[in-house]
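>>> sequence first, then the predicted structure, then my questions.
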Amino acid sequence: MKTIESTLSNPQASAGKPSFKRLRFGVSALVLAISGLGMAQPVAAAVFNPFINITGKVEFDSLGTPTLPTNATQNGELIRVVGGATTTTSLINDQIVGDDPLSGNLSNIGDGFGIKLHAEGGSKDEPSFMSSLFGDLALSIKNSSAVDTFLVSLKFDFSHLVAAPETKTIKGNGDFAQSIVQLHKKDNSELLFSKLISDTVFGNEARPASAPDQNTASGYGGKLVDSGSRLLTFILHPGELLELGDDSPELTLFGGADPGAFFLADTSAFLSVAEVTRQTTNTVPEPETLLLMAIGLLSFALSKRRASTC
């Protein structure tokens, strides 16, 4: 199996620093905007070649159960699109409603799996805090043809945002919000990585998907955003298997704040089938076709033998 293309389209990475009062209102509107960007799904699409078998799953945390936050709220959604039909599972604080994991076999162009996570907290008199909230995604692609090579393209749409007050903390534990979006093959080779931290004590960090080895942020607290769409194209030879998703969660949220302050983190991702194309002409019949031909020839020979004995 060979990866022949990995591109990032419409990347958006920013590090704004609005005032504390304007931040809470502005963040809510921006969360709605980038969530819509990251989870676009086609209404109807064609069935792809049946020799390509794609199975997958999404879950909130493969290692445990989400824990209840303190003076904060968290919610999420698992999304499965199979044959153009959408199924969802919801998370409300520490309660999961629906199947977790959410799994299935994909069949159409545009089918895929997605995750949304959101958390925010703040209290006038007490600290607010959430344990790390995870989203796991795994996909397996098998070329079951014995003779044909296929090109398979996947589209990974993502967006995430973090925010905390734009103030350097001198006393207390400070306020912070962290989000990570990543995608790896099962062998741990990296396909995408993006990390955002808004922190009033240790300073901000932004490693956008377009430049994951560089910290493009500065200052303390405020609002950080990254979003985009990456096309991942692979060549699968006859009988070859491609697996995406390793031991690390694909989505991670984490945050906390001192009394009188706040934190906010929001992330979403959707991995879908963009293209399945046969790359080689089938000059040698598939084993199933050979079997049918053999049965047909045998039947023809038996019929000729019966005719000659009559």
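Received the coordinates, thanks.

>>> can you list the strands that the strand or helix carrying residue 80 pairs with?
Using DSSP states H and E, residue 80 sits in strand 72-82. Using DSSP bridges, the strands paired with strand 72-82 are strand 85-92 (antiparallel), strand 112-122 (antiparallel).

>>> so for that strand, mean pLDDT?
For strand 72-82, mean pLDDT is 98.

>>> Serialize the strands paired with strand 72-82 to CSV and add fields for mean pLDDT, distance to residue 246 and mean neighbour count.
For every residue, glycine as well, the C-beta is placed using N, CA and C. Shown next, in CSV, are those (pLDDT from 0 to 100; distance: least, C-beta to C-beta, whole Å; neighbours: other C-beta atoms under 10 Å):
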stretch, mean pLDDT, distance to residue 246, mean neighbour count
strand 85-92, 97, 22, 15
strand 112-122, 98, 16, 25
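
>>> of the ones you listed, which approaches residue 72 most closely?
Closest to residue 72 of the strands paired with strand 72-82 is strand 112-122 (C-beta to C-beta; 2.5 Å).

>>> distance between the closest one and the chain's centre?
Strand 112-122 sits 12 Å away from the centroid of its parent chain (C-alpha atoms, centre = their mean, to the nearest Å).

>>> now do stretch 101-121
When distances are taken as C-alpha atoms, centre = their mean, stretch 101-121 is centred 7 Å away from the chain's centroid.

>>> that stretch spans what distance, first to last residue?
Distance between the two ends of stretch 101-121: 27 Å, counting by C-alpha to C-alpha, to the nearest Å.

>>> just checking, next helix/strand downstream of the lowest-mean-pLDDT helix or strand in the chain?
Lowest on mean pLDDT, DSSP states H and E among the helices and strands of the chain sits helix 20-38, with a mean of 43. Sequence-wise, the next helix or strand downstream of helix 20-38 (DSSP H and E) is strand 52-59.

>>> strand partners (parallel or antiparallel) of that following strand?
Here strand 52-59 has these sheet partners by DSSP bridges: strand 102-106 (antiparallel), strand 128-143 (antiparallel).

>>> sorry, back to before: next, the buried residues of the strand holding residue 80.
Neighbour-count burial for strand 72-82 flags 72, 74, 75, 76, 77, 78, 79, 80, 81, 82 (criterion: 16 or more other C-beta atoms under 10 Å).

>>> which residues pair with the first one across the strands?
Looking back up the chat, that one is residue 72. In this entry, residue 72 is beta-bridged to residue 121, by DSSP bridges.

>>> ok, now the fourth one?
Residues found in beta-bridge contact with residue 76 (criterion: DSSP bridges) are residue 91, residue 117.

>>> and the gap between it and residue 86?
Noted for residue 76: a distance of 16 Å to residue 86, by C-beta to C-beta, to the nearest Å.

>>> OK, contacts around the residue lying closest to residue 275 once chain neighbours are set aside?
Closest residue to residue 275 apart from its sequence neighbours, by C-beta to C-beta, 6 or more residues apart in numbering: residue 153 at 3.9 Å. Listed by C-beta atoms under 8 Å, 6 or more residues apart in numbering, the contact set of residue 153 reads 5, 231, 232, 233, 234, 273, 274, 275, 276.

>>> of those residues, select the buried ones using a ChimeraX command.
Selection of buried members from the contacts of residue 153 for ChimeraX, criterion 16+ other C-beta under 10 Å:
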select :232,233,234,273,274,276
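
>>> which of the contacts of residue 153 fall within helices?
Using DSSP state H, no member of the contacts of residue 153 sits in helices.

>>> could you dump the contacts of residue 153 to a markdown table with pLDDT and distance to residue 52?
As requested, those are exported to a markdown table (pLDDT from 0 to 100; distance: C-beta to C-beta, whole Å):
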| residue | pLDDT | distance to residue 52 |
| --- | --- | --- |
| 5 | 54 | 17 |
| 231 | 98 | 17 |
| 232 | 98 | 15 |
| 233 | 97 | 13 |
| 234 | 97 | 11 |
| 273 | 98 | 9 |
| 274 | 97 | 13 |
| 275 | 97 | 11 |
| 276 | 97 | 5 |
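
>>> between the contacts of residue 153, which sits nearest residue 207?
Out of the contacts of residue 153, the member with the shortest distance to residue 207 (by C-beta to C-beta) is residue 232, at 19.3 Å.
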